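J.: Okay, here's the prediction I keep looking at, along with the sequence it came from:
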Protein chains: 2
Amino acid sequence: MRVVVSGAAGFIGSHLTEALLARGDEVVGLDNLLTGRMKNLESFGDSSGLTMLTHDVIHPIQIEGAVDAVLHFASPASPPDYYAHPVATLDVGTAGTRTMLELAADKQARFMVASTSEVYGDPLEHPQTEAYWGNVNPVGPRSVYDEAKRCAEAYTMAYHRAGLDTRIVRIFNTYGERMRPNDGRAIPNFMSQALDGGEVTVYGAGSQTRSLCYVSDLIRGILLLLASDEHLPVNLGAQNEITMLQLAETIVGLVGGDARIGYRELPVDDPKQRLPDTTRARTILGWTAEVTLADGLLRTLDWFRSEVNAEGQGR
Amino acid sequence: MRVVVSGAAGFIGSHLTEALLARGDEVVGLDNLLTGRMKNLESFGDSSGLTMLTHDVIHPIQIEGAVDAVLHFASPASPPDYYAHPVATLDVGTAGTRTMLELAADKQARFMVASTSEVYGDPLEHPQTEAYWGNVNPVGPRSVYDEAKRCAEAYTMAYHRAGLDTRIVRIFNTYGERMRPNDGRAIPNFMSQALDGGEVTVYGAGSQTRSLCYVSDLIRGILLLLASDEHLPVNLGAQNEITMLQLAETIVGLVGGDARIGYRELPVDDPKQRLPDTTRARTILGWTAEVTLADGLLRTLDWFRSEVNAEGQGR
């Protein structure tokens, strides 16, 4: 297959690109490098199967030759990133999705959009099935991401109704190698802070929960969904619900050293709990997350340690 | 004031343009004429204060000279219209809002977006306050309108947080002269069907409710909001909640003749009831809807009758 991946230099996009190349696909990667990093592609980026183009998909793009699948994985995805780039976040979810849908339509290719558990907002149903319509504040600060992704789904379904072959994956919290240490999400935050030996910051009482999926599990699910016939949204996420305080304590324990837990005020509209109902992924795709949190955290921590060392040597 | 109005040839846009001209403002009207009609401007369109440009605001636009306010009122707004133009509806709510926000930022002008009660979707709270986050199906057929408008609010708030002077009006069901007889909304449908003397079609049992605001009331509220300091959303709508069956019967009675009520299947995701909480409009703007349903329906019916006669003469 020849696949176009937007956000190919991002956390999930780079793992997806790596997996596509590993199975023999040819990949045209697009990234505007706003939050993506070319170094995410270093370990496999000299593959002859990969062509990287620096392009912001809010602008139309022409790709020469046949394309079998168009995967739209570009977006700032952590709260500090989308607070820093609110309009770019809205743009890539709306105009960016439109660009990629047009490319897929032009190439008669299969299309997939990376949606998110954030479409459920601060959910009033627990766990969240794909049938739940969500609880998002359209005028709150998180709306630049949440509403952009809801709109990306609406665009995708509009093209689907017009005949395009589409897939919507709703990605729950995912972690692993290549997350930016300062991207503001819980695991990179906790790991960088614990490795620094300072304060590991928990927001509120740390009682808000997340389920945390290791990136290799997620990518396996994405490839299964891409190969399936399912055009309605499918949740992909782990079932290991954990409080942020438990997660912080686990990571402090894994790292060892002098780090201690500190508390700060809970941000606006922070979801209190989130847990996917993955019945559809299990029944349609035969997928469940398999990597244990302990294994995934250890692998991720190894990578963060080498990152910190590399940075230290660069000083 | 010099005001740019997108959707100026539409139902609400034309009434807004007329009111601005009547108070002595200069108006630059924009419309791509997808659902707007230049004839909506005929009764006042030779005013020297109006410049109409045929332009689709999903594309950037430059306006020469100073601009005091930018009012984004362009969008297909009835279900048959946005089902017929799903991508254009998404585009004008996202890229179109972005264009108009950029114009306002460029001109240091006040910005207002026409949002909608549809951001509440099929509401689980009744009546709807502005603090209600809504119940919208992101992948349902109505999402092309509902999510586009939610995204338009998110864009507007993103620019507001960056310093732009913005207003968000959430418009509930509004009726009056210049609705297209075939636009698919209840009042034009019922009136055209009753005037034809055939079947007046009610969906489901006709038990779904709406509150119906006469357009002159709405426009008065919009101008009050524009002049206010309120950047958070404000509902504008009437309090005369009525079932669709009652409305159909009322219109059949007003028209007289042979029309009778017929029933058809309820469309997907049709909101079952909708009633604005207008506490904010009342306290912040001193606004309430004043025209009675009886008065408003009679004025609208007069206009529909003359439209039907004019069409008849044109045959």
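T.: Good, I have the coordinates.
J.: from what I can see residue A:241 touches residue A:213, true?
T.: No - Residue A:241 lies out of contact with residue A:213 (C-beta atoms under 8 Å); the separation is 11.6 Å. For the C-beta atoms, the positions are set from N, CA and C on the backbone; glycine is no exception.
J.: So which of those two has more stuff around it?
T.: Each of residue A:241 and residue A:213 has its neighbours counted (other C-beta atoms under 10 Å in any protein chain shown); residue A:213 has more, 26 against 17.
J.: Not counting its neighbours along the chain, what's nearest the more buried one?
T.: Excluding the flanking residues, the one nearest residue A:213 by C-beta to C-beta, 6 or more residues apart in numbering or on different chains is residue A:238, at 4.0 Å.
J.: how many neighbours does the one you found have?
T.: Quick note: residue A:238 (other C-beta under 10 Å) scores 27 neighbours.
J.: Chain B contacts on the stretch 201-315 of chain A?
T.: With C-beta under 8 Å from any C-beta of the partner chain as the criterion, the stretch 201-315 of chain A comes near chain B at residues A:232-233.
J.: Assign a three-state SS to residue A:158, would you?
T.: helix (DSSP: H, G, I helix; E, B strand; the rest coil).
J.: Tell me who's in contact with it.
T.: Contacts for residue A:158 (C-beta atoms under 8 Å, 6 or more residues apart in numbering or on different chains) come out as B:86-87, B:90, B:144.
J.: quick check, nearest of the residues you listed to residue A:39?
T.: residue B:90 (35.2 Å; C-beta to C-beta).
J.: now the helix or strand that contains that closest one: mean pLDDT?
T.: In this assignment (DSSP states H and E), residue B:90 forms part of helix B:86-107. In this model, helix B:86-107 has a mean pLDDT of 98.
J.: what's it packed up against?
T.: If you count contacts as 3 or more C-beta pairs under 8 Å, 6 or more residues apart in numbering or on different chains; DSSP states H and E, helix B:86-107 packs onto helix A:86-107, helix A:143-161, strand B:2-6, strand B:69-72, strand B:110-116, helix B:143-161.
J.: and with 10 Å instead?
T.: Counting contacts by 3 or more C-beta pairs under 10 Å, 6 or more residues apart in numbering or on different chains; DSSP states H and E, helix B:86-107 is packed against helix A:86-107, helix A:143-161, strand B:2-6, strand B:26-31, strand B:69-72, helix B:79-84, strand B:110-116, helix B:143-161.
J.: Show me which positions of that helix end up buried.
T.: Of all the residues in helix B:86-107, those buried under the rule 16 or more other C-beta atoms under 10 Å in any protein chain shown are B:86-105, B:107.
J.: Only alpha carbons, please: show that helix as PDB.
T.: Only the C-alpha atoms of helix B:86-107 are listed here, as PDB (Å, rounded to 0.1, in the frame of the first residue of the first chain):
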ATOM      1  CA  PRO B  86     -23.200  19.400   4.100                       C
ATOM      2  CA  VAL B  87     -19.600  20.300   3.300                       C
ATOM      3  CA  ALA B  88     -20.400  23.900   2.400                       C
ATOM      4  CA  THR B  89     -22.200  24.100   5.800                       C
ATOM      5  CA  LEU B  90     -19.200  22.800   7.700                       C
ATOM      6  CA  ASP B  91     -16.900  25.100   5.600                       C
ATOM      7  CA  VAL B  92     -18.900  28.300   6.300                       C
ATOM      8  CA  GLY B  93     -19.000  27.600  10.100                       C
ATOM      9  CA  THR B  94     -15.300  26.800  10.300                       C
ATOM     10  CA  ALA B  95     -13.200  28.400   7.500                       C
ATOM     11  CA  GLY B  96     -16.000  31.100   7.000                       C
ATOM     12  CA  THR B  97     -15.900  32.100  10.700                       C
ATOM     13  CA  ARG B  98     -12.100  32.200  10.500                       C
ATOM     14  CA  THR B  99     -12.200  34.500   7.500                       C
ATOM     15  CA  MET B 100     -14.500  36.900   9.200                       C
ATOM     16  CA  LEU B 101     -12.600  36.800  12.500                       C
ATOM     17  CA  GLU B 102      -9.400  37.600  10.600                       C
ATOM     18  CA  LEU B 103     -11.200  40.500   8.900                       C
ATOM     19  CA  ALA B 104     -12.300  41.800  12.300                       C
ATOM     20  CA  ALA B 105      -8.800  41.400  13.700                       C
ATOM     21  CA  ASP B 106      -7.300  43.200  10.700                       C
ATOM     22  CA  LYS B 107      -9.800  46.100  11.100                       C
END
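J.: sorry, back to before: would you confirm that the residue nearest to residue A:213 contacts residue A:295?
T.: No - assessed by C-beta atoms under 10 Å, residue A:238 is found out of contact with residue A:295, at 11.9 Å.
J.: list the residues that contact both of these two?
T.: Common neighbours of residue A:238 and residue A:295 (criterion: C-beta atoms under 10 Å, 6 or more residues apart in numbering or on different chains): residue A:214.
J.: re the thing from before, got the helices and strands packed on helix B:86-107 as CSV, with distance to residue B:13 columns?
T.: Output for the helices and strands packed on helix B:86-107, formatted as CSV (distance: least, C-beta to C-beta, whole Å):
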stretch, distance to residue B:13
helix A:86-107, 22
helix A:143-161, 23
strand B:2-6, 6
strand B:26-31, 7
strand B:69-72, 8
helix B:79-84, 14
strand B:110-116, 8
helix B:143-161, 15
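J.: mean pLDDT for these: which is lowest?
T.: Of all those, the segment with the smallest mean pLDDT is helix B:79-84, scoring a mean of 94.
J.: For that one, give me every contacting residue.
T.: Under C-beta under 10 Å, 6+ apart, the answer for helix B:79-84 is A:158, A:161, B:34-35, B:75-76, B:78, B:88-90, B:92-93, B:118, B:141-146, B:148, B:180, B:182-185, B:189, B:267-270.
J.: Just the buried subset of those residues, please.
T.: Buried members of those, scored by 16+ other C-beta under 10 Å, are A:158, B:34-35, B:75-76, B:78, B:88-90, B:92-93, B:118, B:141-146, B:148, B:180, B:183-185, B:189, B:269.
J.: All the helices of the stretch 201-315 of chain A, residue numbers only.
T.: Secondary structure of the stretch 201-315 of chain A (DSSP state H, counting those that start in this stretch): helices at A:215-227, A:244-255, A:279-285, A:293-314.
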